[in-house]
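Novice: Sharing a model that was predicted from the sequence below.
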Amino acid sequence: MSHPPGIRTWSELRAFALSLGLPKVEDAVSWGNPNLKAHGKMWCWWSPYVDAAIFKGTREEREVLLDANPDTFVMHPHYANTGLTLVAAGRIDPDWAEARLRRTWRDMAPKRWLASHDAGQG
């Protein structure tokens, strides 16, 4: 049984990320390319070099993902010296993307703001 394709475009990723309802997320343009910023920092975007979404992470995580599933997790030389993870268009699993976006959003939040935010959700 085949599964429906994952997120395929920047428009779909943007809509998906915004649907998470996380505060302090806004549309932005950096280096001429649209992206979403969280807490004023680039949070997720689409690569201008390869048809793939870009998520923040670590080099170690990226290497594990690349080894485990090279059809889904891809690389472009422009990103080799970063901790960014590229996920091929149509192969972006929404559950994986949600977990990664939520974790990155929390990691990027100023600690004092995050403590206040978490207290308000209690």
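Specialist: Thanks, I have it.

Novice: remind me which residues of this protein are low pLDDT?
Specialist: 1-5, 121-122 (pLDDT under 70).

Novice: can you map out the helices along it?
Specialist: In the chain, the helices defined using DSSP state H lie at 10-19, 59-68, 94-108, 111-121.

Novice: For the ones you listed, give me TSV that also has distance to residue 88 and mean neighbour count.
Specialist: Yep, even glycine has a C-beta here, placed from its N, CA and C like the rest. What follows is these, written out as TSV (distance: least, C-beta to C-beta, whole Å; neighbours: other C-beta atoms under 10 Å):
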stretch	distance to residue 88	mean neighbour count
helix 10-19	12	16
helix 59-68	11	14
helix 94-108	12	15
helix 111-121	31	10
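
Novice: for these, which one sits closest to residue 38?
Specialist: helix 94-108 (4.9 Å; C-beta to C-beta).

Novice: got the angle for that closest one vs helix 111-121?
Specialist: Relative orientation of helix 94-108 and helix 111-121, computed by axes from the mean of the first three to the mean of the last three C-alpha atoms, to 10 degrees: 120 degrees.

Novice: what's helix 94-108 packed up against?
Specialist: helix 10-19, strand 33-38, strand 41-46, strand 52-55, strand 85-88 (3 or more C-beta pairs under 8 Å, 6 or more residues apart in numbering; DSSP states H and E).

Novice: Dump the helices of the chain into TSV; add distance to residue 75 as well.
Specialist: Listed next are the helices of the chain as TSV, based on distance: least, C-beta to C-beta, whole Å:
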stretch	distance to residue 75
helix 10-19	19
helix 59-68	6
helix 94-108	17
helix 111-121	31
